[in-house]
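*Asks:* 3D, please:
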Amino acid sequence: MAKSDSHAAGQTYEVHEVLEGEPPLDLGRRFETTDFGSAVDFAFDFLERRDPRREGAVSALEIVRVAGSDRETVWRYSHADASSGPRDVVRLWGYDVTRHWSRPYGAPIRPTPAHH
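*Replies:* Next up is the predicted model:
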């Protein structure tokens, strides 16, 4: 089986627990994998185990992509951001993603065949 580019390049994903504040404190790596999906699964499982009611027992989690000496945060959960209330989804997405959407006009306009 051929290795993917991410495996060949040594790319990994680390899940870190972070204590928010100024400055934030990295509490350490909780998980490492070569698969982003597995890192996300672990992060949600970790939240469910450690803070099932999202009361702040887990201040923040980050998934960091590591490729050689490059490090990039590619996903983040923050208790403070999550508990700050709903975002203005219309401003964010341009429409209310929580409501049923239908086209703004009636039936689609179809061209009529030319009569000769």
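*Asks:* all helices of this protein, in order?
*Replies:* Assigned by DSSP state H, the helices in the chain fall at 5-8, 36-50, 79-82, 89-93.
*Asks:* distance between the third one and the chain's centre?
*Replies:* Counting by Cα atoms, centre = their mean, to the nearest Å, helix 79-82 is centred 14 Å from the centre of its parent chain.
*Asks:* mind listing what's buried in that helix?
*Replies:* For helix 79-82, a neighbour-count test (16 or more other Cβ atoms under 10 Å) marks His79 as buried. Just so you know, the C-beta spots here come from the backbone N, C-alpha and C atoms, and that holds for glycine as well.
*Asks:* Could you pull up the mean pLDDT of that helix?
*Replies:* Mean pLDDT, helix 79-82: 85.
*Asks:* Could you number the chain from 13 rather than 1 from now on?
*Replies:* Okay, residue one is now 13; in that scheme the one you just asked about reads as helix 91-94.
*Asks:* what's it in contact with?
*Replies:* For helix 91-94, contacts defined as Cβ atoms under 8 Å, 6 or more residues apart in numbering pick out 32, 63, 66, 68, 70-72.
*Asks:* Could you dump the residues you listed into JSON lines with distance to Val78 and neighbour count added?
*Replies:* Below are the contacts of helix 91-94 laid out as JSON lines (distance: Cβ to Cβ, whole Å; neighbours: other Cβ atoms under 10 Å):
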{"residue": "Glu32", "distance to Val78": "22", "neighbour count": "14"}
{"residue": "Asp63", "distance to Val78": "25", "neighbour count": "16"}
{"residue": "Arg66", "distance to Val78": "27", "neighbour count": "13"}
{"residue": "Gly68", "distance to Val78": "28", "neighbour count": "12"}
{"residue": "Val70", "distance to Val78": "21", "neighbour count": "21"}
{"residue": "Ser71", "distance to Val78": "22", "neighbour count": "18"}
{"residue": "Ala72", "distance to Val78": "18", "neighbour count": "21"}
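*Asks:* Out of the residues you listed, the closest to Trp105 would be?
*Replies:* Closest approach between these and Trp105, by Cβ to Cβ: Arg66, at 23.1 Å.
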